[in-house]
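**Student:** here is the input, now give the coordinates:
(chains A and B)
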Amino acid sequence: MTLHTATSIQINAKQSNSFAGSIIAPNCAVDAPGQAENQGCGIEDPSELTYGSGFNQAGGGVFAVEWTSQQIRMWFFPRGKFPDDIVNSQPSPNPSWGPPRSAFAGDFDMDEHFKEQNIVFDTTFCGSVSAASPSAIAKLTNI
Amino acid sequence: MMQRVTLFATLLASTVLPASARYSIVQDYSGDNFFREFDFFTDPDPTQGHVVYKDMVDANATGLAGFIDGGNATNAIYMAVDTKQVAPDGRGSVRVTSKQSYQHFLMIADIVHMPGGICGTWPAFWTVGQDVSGRSQATSGSANHG
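**Tutor:** Predicted structure coming up:
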């Protein structure tokens, strides 16, 4: 999961079991010094169940994102391993969920940086903020 | 051979009640309601990817958006990328934006299948601020995850 902000904010490092993933970059600003342009702050999930062929072979799963004034946290539950409250359509983060895959919090005002947001789904190929190499782009356009 | 790329999702969003840790539902995006409550984005890709985003009518007519059953999917929302055409100007694809905006939520997204594992493919589900003050990207991958 990645956040992008216009101005600099730093997310807290992992503390004991606060989240399962690893921080790739800690500053959410799109022009953060020492980070790639538009990189933002990111937490990478090492599990192959959350993306790509591992995800698809497992039948996918549920992503749960909780966004409050204090933090943004994301959990992933593979197909067949959903917590009871989610199965019963009354979801609420609780100990049965385990630690989130990623958690974004820090010494900043969340509500100042994240105001009204719309939800987007899309699929694209290459483009900016993607690590695709020029040779990969050439391969796609030749299909 | 290029794999068929598909994304299925059912989604509901909740908002917290004051003085309570429980959430109550404010929007259920499953079934028909998904395409009523999401607009199709048809501008050029702002990330300059190699796609042409289709409108709802065109996408449904060409099998890029609709509903699907099978396997773990029952009346699941389906959004796909064209896999048949030679596409030197960009591959037919779908991008949708929710009509409703939120500040704070608990979002539950049940996703059966996502494109991935192929160099350059970049599916994503994310949120964006209206004044682009901030943006969160819940899941996304590109060539380096494949």
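**Student:** residues of stretch A:115-126 that come out buried?
**Tutor:** Neighbour-count burial for stretch A:115-126, counted by 16 or more other C-beta atoms under 10 Å in any protein chain shown, picks out A:Gln117, A:Asn118, A:Ile119, A:Val120, A:Phe121, A:Asp122, A:Thr123, A:Thr124, A:Phe125, A:Cys126. For every residue, glycine as well, the C-beta is placed using N, CA and C.
**Student:** just how off-centre is stretch A:1-16 within its chain?
**Tutor:** The chain centre lies 11 Å from the centre of stretch A:1-16; the measure is C-alpha atoms, centre = their mean, to the nearest Å.
**Student:** one more: stretch A:55-66?
**Tutor:** For stretch A:55-66, the distance to the chain centre is 13 Å (C-alpha atoms, centre = their mean).
**Student:** and it, does that touch chain B?
**Tutor:** Yes: Stretch A:55-66 is in contact with chain B by C-beta under 8 Å from any C-beta of the partner chain, via A:Phe55, A:Asn56, A:Gly59, A:Gly60, A:Gly61, A:Val62, A:Phe63, A:Ala64, A:Val65, A:Glu66.
**Student:** neighbours of the third one, how many?
**Tutor:** So that's A:Gly59. 15 (other C-beta atoms under 10 Å in any protein chain shown).
**Student:** look at it and report its pLDDT.
**Tutor:** Note for A:Gly59: predicted pLDDT of 92.
**Student:** contacting residues for it?
**Tutor:** A:Pro78, A:Arg79, A:Gly80, B:Gly71, B:Asn72, B:Val112 (C-beta atoms under 8 Å, 6 or more residues apart in numbering or on different chains).
**Student:** re earlier: filter the buried residues of stretch A:115-126 down to the ones close to chain B.
**Tutor:** A:Gln117, A:Asn118, A:Ile119, A:Val120, A:Phe121, A:Asp122, A:Thr123, A:Thr124, A:Phe125, A:Cys126.
**Student:** pretty sure B:Ala59 contacts B:Phe38?
**Tutor:** No: using C-beta atoms under 8 Å, B:Ala59 is not in contact with B:Phe38, being 11.6 Å away.
**Student:** can I assume A:Pro46 sits in a strand?
**Tutor:** No: if the criterion is DSSP: H, G, I helix; E, B strand; the rest coil, then A:Pro46 is coil and not within a strand.
**Student:** and the gap between it and chain B?
**Tutor:** A:Pro46 sits 11 Å away from chain B, going by C-beta to the nearest C-beta, to the nearest Å.
**Student:** so the most centrally placed residue in chain B versus chain A, what's the distance?
**Tutor:** When C-alpha atoms, centre = their mean is applied to chain B, the residue found nearest the centroid is B:Phe125 (5.5 Å). Per C-beta to the nearest C-beta, B:Phe125 is found 5 Å from chain A.
**Student:** just confirm that residue is within a helix.
**Tutor:** No: B:Phe125 is assigned strand when assessed by three-state DSSP, not a helix.
**Student:** pretty sure it contacts B:Ser98?
**Tutor:** No: judged on C-beta under 8 Å, B:Phe125 makes no contact with B:Ser98 at a distance of 10.7 Å.
**Student:** so what's A:Asn12 up against?
**Tutor:** By C-beta under 8 Å, 6+ apart, the neighbours of A:Asn12 are A:Ser18, A:Ala103, A:Ala105, A:Gly106.
**Student:** count of residues packed around the second one?
**Tutor:** A:Ala103: 22 surrounding residues under other C-beta under 10 Å.
**Student:** now do the SS call for it.
**Tutor:** A:Ala103 is classified as strand under three-state DSSP.
**Student:** check which residues of stretch A:24-35 are buried.
**Tutor:** Across stretch A:24-35, burial judged by 16+ other C-beta under 10 Å covers A:Ala25, A:Pro26, A:Asn27, A:Cys28, A:Ala29, A:Val30, A:Ala32, A:Gln35.
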